[in-house]
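Chemist: This is a predicted model, with the sequence first.
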Amino acid sequence: MYKIEAIIRPHRLEAVRDALKEHDLIAVTVSDCRGAGRQSAPTHTFRGSQYSSGLEIRMRVEVFVNDAHLEEAVNAIQAAAMTGEVGDGKILVFKAEQAVRIRTNERGESAIS
């Protein structure tokens, strides 16, 4: 069992969700986030002054998959999130030790399927 965490551009979110749905991976968690990487942050103008927060707006997509679906999920996210430009994001994969479905007390891979 694995947790996949992808940091992507906000406008690629729907494409990533659609790509995951094509592989029957519909249970995802999405949150807004900000971060700094190789891409320079945009400058904003407020009351005539320019400033830069130094952080880009991104989306964090989290999905849990069983071992059999790991590669197809990573490949689907990568293909859907890629623009070919600096700042496309990262995909991180973590080993998940245990999952528990709160409602039914199912444990392990059955809790995430």
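Modeler: Nice, I can see it.
Chemist: Point out where this structure drops to low pLDDT.
Modeler: Where the chain drops to pLDDT under 70, the residues are 39-46, 50-53.
Chemist: Show residues contacting the lengthiest strand in the chain.
Modeler: When the chain is parsed with DSSP state E, its longest strand is strand 56-65. If you take Cβ atoms under 8 Å, 6 or more residues apart in numbering as the criterion, strand 56-65 is touched by 1-10, 12-13, 16-17, 20, 25, 27-37, 39, 41-42, 73, 77, 87, 89, 96, 99, 112. C-beta: built from backbone N, CA, C; applies to glycine.
Chemist: residue boundaries of the strands in this protein?
Modeler: Using DSSP E, strands in the chain cover 2-8, 28-35, 44-46, 49-51, 56-65, 89-95.
Chemist: Show the backbone phi and psi for the residue of the chain most remote from its centre.
Modeler: Distance from the C-alpha centroid of the chain, by Cα atoms, centre = their mean, peaks at residue 48 (35.4 Å). Main-chain torsions, residue 48, degrees, to the nearest 10: phi 80, psi -10.
Chemist: and the gap between it and residue 100?
Modeler: Distance of residue 48 to residue 100, computed by Cβ to Cβ, to the nearest Å: 54 Å.
Chemist: now swap in residue 86 and tell me
Modeler: In terms of Cβ to Cβ, residue 86 sits 40 Å off from residue 100.
Chemist: what's the answer for residue 70, then?
Modeler: Relative to residue 100, and taking Cβ to Cβ, residue 70 is found at 20 Å.
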